[in-house]
Each structure stands twice: as structure tokens, then as C-alpha cells.
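Visitor: 3D, please:
(one chain, ligands or ions: 2)
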Amino acid sequence: MPAEAAAALQDRALGAYLGLAIGDALGATVEFMTPREIAAHFAGQGGMHRHIVGGGWLKLPAGQVTDDTTMSLALGDALLRGHREGRPFDTRLIADAFAAWWRARPVDCGNTCRRGILRYLQHGSLQGEPNEGDAGNGALMRNLPVALATLGDDAGFERVSVAQARITHHHALSDAAVLGIGHLLRALLAGADAAAVAAASDALAERQPAFRFRPYRGRASAYVVDTVQTVLHHLNTHADFETALLATVNRGEDADTTGALVGMLAGARCGARALPRHWLRQLLPAVVQAVTRQADALLALAASRPSPPPPAPPPRPGTLPVPHACP
Ligand code: MG
Ligand code: MG
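Guide: Numbering: from 1, shown residues only. Ligands and ions are numbered 1, 2, ... in the order given. This next block holds a predicted model:
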């Protein structure tokens, strides 16, 4: 890859990961609030929540992130470890990393994630049975490292994404969201413009009609359908990172996760150098360092892998070997 293109990719990848952390930290303050409650609470600043100040139901320190970012980091660490130890994309290493993350008492852990991790610890199984209760957004929120580590290998991206997702979430809508939003992220990392993003968003909603987001219904809960609609609506409505993220988190409900996902996609679109400085300064330095190190390491992992062979073209009529006639 030419040096200029590699630098642009590195800027977009770091923009995505820092954007995820910014959206998580910003949204956590208003998680589970309604838009009306947010407007009343922040009446003194124009009725909008605007700054990374911590607090919220988790009583976070300012600049701290939640499970959206820390589970992503745990997943990314497992991918890097697998690469180092000759066990590339080993799902068991990912499950072990989630278990270690949970044992370290994270600030929060969704019910479905907890149930899946406990199942793994008790039975060693890497996925449970399909479950109607697994249509939350917990597998979607943490998939960024897979998108980076498998750049250039779409089949590998899909295989590893579904494997990591089903450790805790086994539901067709979760799978569709993980793959659909992941492919959108990969398009943005490759430099997709607004028209291409709109076309890809509409194609995703066409493939899975539950994700239709025009007109936007306005729900932003942890149900993966609400999450995907909220993310696609705000990404396509606002070209600017800050405007998109403020509009997203001020919808409340699962604001840290919708914020993390819009931050990830809008951050890939604008690149790290264009992220708002005041929000980067408000993040904890340890978070910025961990995310920066991992983004670079995952890109290096992707670059070190041999390219997968291109898919074989379908046979054309007339090119098949003609059977010999018997003498
Ligand atoms: Mg969270
Ligand atoms: Mg959340």
C-alpha cells in the first residue's frame, strides 16, 4: 500500500476507535434517560448534554468509558494474542478474554453478556442455543477490533465477527447488525463518501427490513433494531462528527452504546485528526493510550496476513472439458 494511503487508513482507524471511546464516555452520562429528562437536566446549557463529565447511573469519573470500549479492548487483545501465539482468530481466546474482563469487575456488564460469559465459564461452550432474548446490542458494540484485524479479508471478517458475537448473543438480528454495521465501518475505513454510505445503509435496511430507518422512529434502546435504526439515521443525517454525536446521545436510552457506534462510524469518516480536541482532552489519558496502541497493532496484524486467494470465477459455458468420445 502506498505510504499516503497507509497514513490515511491509520488516521481513519484511529478516528473510529477514539470516536467509539468518546461516544461511550459522552453517552454514559445520560444512559437510560429520556430526551425530555435530558432537556430538563441540561436546561442551563441549551437543553443539551454536551461534555464528557462522567456521572450518570454508573456514577462514572469524568473521562471514564464503559463496557462498550473495555469489551472492545478485551476482544482486540485476544486477537493480538492469538496472532502472537500462532492461534489466529481462536474463538476460545476471545471467550477467555471476555471471562477475564468480567472477573476484573468492569463498571458495568449487560445481562446478556453476563449470561453468555457465565455459560462459557460453566460449560466451556462457545455459543448457546439461539435465544429470543439475545437481540440486544452487546455483540454489536464491541466488534470494531475484528473489522480492523481482518481488513482485506471479507470472509474472515464475517467468520470471526459471528464467532465473537455468539459467545454471548445468538440471534439472527444481532448477527445481521454485527455484519451490516461492520461492513459499513470497513467501507468508511476505505474512504467511502456520503453517497456510498447512504447506499450501503439503504442496502442494509433492504436486506433486513427491521433496520429500516427512514422515517426514523426515534427509539434508541438496547434492542439491536432500535440501536441500528438510531445509528443509521444519525450517521446519514449529520455530516459533522460533533453534530452527529450530540444528536445521538441526546436521544438518551442506551446512549453510551448508540454514542459509541455513531462515534466509531463518524470517527472513521472524519479521521482522528479531525476529532474535536475538547472531547479528546476530556477522555482519560489511559483510555486514549490503550485505544491508540491497539488500533495501530490491529492494523499491523491485518497487514502481516497473506491476502486470501480471490474467489474462483464461476465456470463459463464452453470452457468445461469436453468428455472424450469412446473410440
Ligand atoms: Mg456501556
Ligand atoms: Mg449501553
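Visitor: In the stretch 201-327 of the chain, which residue sits nearest ligand 1?
Guide: When scored by Cβ to the ion, the stretch 201-327 of the chain has D256 as its residue closest to ligand 1, at 4.1 Å. Any C-beta I mention is one placed from the backbone N, CA and C, and that applies to glycine too.
Visitor: Tell me the secondary structure of that residue, please.
Guide: Per DSSP: H, G, I helix; E, B strand; the rest coil, the secondary structure class of D256 is helix.
Visitor: residues contacting it?
Guide: D256 is in contact with G23, D24, A25, G27, A28, E31, T66, D68, V249, counting by Cβ atoms under 8 Å, 6 or more residues apart in numbering.
Visitor: how about a cut-off of 6 Å?
Guide: Applying Cβ atoms under 6 Å, 6 or more residues apart in numbering, we find D256 in contact with D24, G27, A28, E31, T66, D68.
Visitor: L185 too?
Guide: Contact analysis of L185 by Cβ under 6 Å, 6+ apart lists A147, A268.
Visitor: can you do 7 Å?
Guide: Contact partners of L185, counting by Cβ atoms under 7 Å, 6 or more residues apart in numbering, are A16, L144, A147, M264, L265, A268.
Visitor: For the closest residue in space to the second one that isn't next to it in sequence, grab the count of nearby residues.
Guide: Right, the one you point to is L144. Spatial nearest neighbour of L144, excluding adjacent residues (Cβ to Cβ, 6 or more residues apart in numbering): S72 at 5.4 Å. Using other Cβ atoms under 10 Å, S72 has 25 neighbouring residues.
Visitor: Figure out the helix or strand that S72 lives in.
Guide: helix 67-84 (DSSP states H and E).
Visitor: Which residues of this protein lie near ligand 1?
Guide: Within the chain, the positions lying close to ligand 1 (Cβ under 5 Å from the ion) are T66, D67, D68, D256.
Visitor: Could you rerun that using 6 Å?
Guide: Contacts of the chain with ligand 1, taken as Cβ under 6 Å from the ion, map to T66, D67, D68, D108, D256, T257.
Visitor: From those residues, which one has the minimum pLDDT?
Guide: For the residues of the chain next to ligand 1, the weakest pLDDT value sits at D108, with 94.
Visitor: Contact residues of the stretch 201-327 of the chain facing ligand 2?
Guide: Within the stretch 201-327 of the chain, the positions adjacent to ligand 2 are D254, D256, T257 by Cβ under 6 Å from the ion.
Visitor: could you list every residue that touches the closest residue to the first one other than its chain neighbours?
Guide: Right, D254. Spatially, and ignoring its direct neighbours in sequence, D254 is nearest to A222 (4.2 Å; Cβ to Cβ, 6+ apart). Residues counted as contacts of A222 (Cβ under 7 Å, 6+ apart) are G136, N137, D254, T257.
Visitor: which ones are touching the closest residue to ligand 2 within the chain?
Guide: Going by Cβ to the ion, ligand 2 is nearest to T257 of the chain, at 3.8 Å. By Cβ under 7 Å, 6+ apart, T257 lies in contact with D68, N137, M141, A222, T227.
Visitor: Looking at the residues of the chain next to ligand 1, point me to the pair that's furthest apart.
Guide: Using Cβ to Cβ, the residues of the chain next to ligand 1 span at most 10.8 Å, a distance reached by D108 and T257.
Visitor: where exactly do the helices run in this protein?
Guide: Along the chain, counting by DSSP state H, helices occupy 3-28, 35-41, 67-84, 91-103, 111-123, 144-149, 154-166, 172-189, 194-207, 224-237, 241-249, 255-270, 277-282, 285-304.
Visitor: Return the most buried member of these.
Guide: Highest mean neighbour count among the helices of the chain (mean count of other Cβ atoms under 10 Å): helix 255-270, with a mean of 30.
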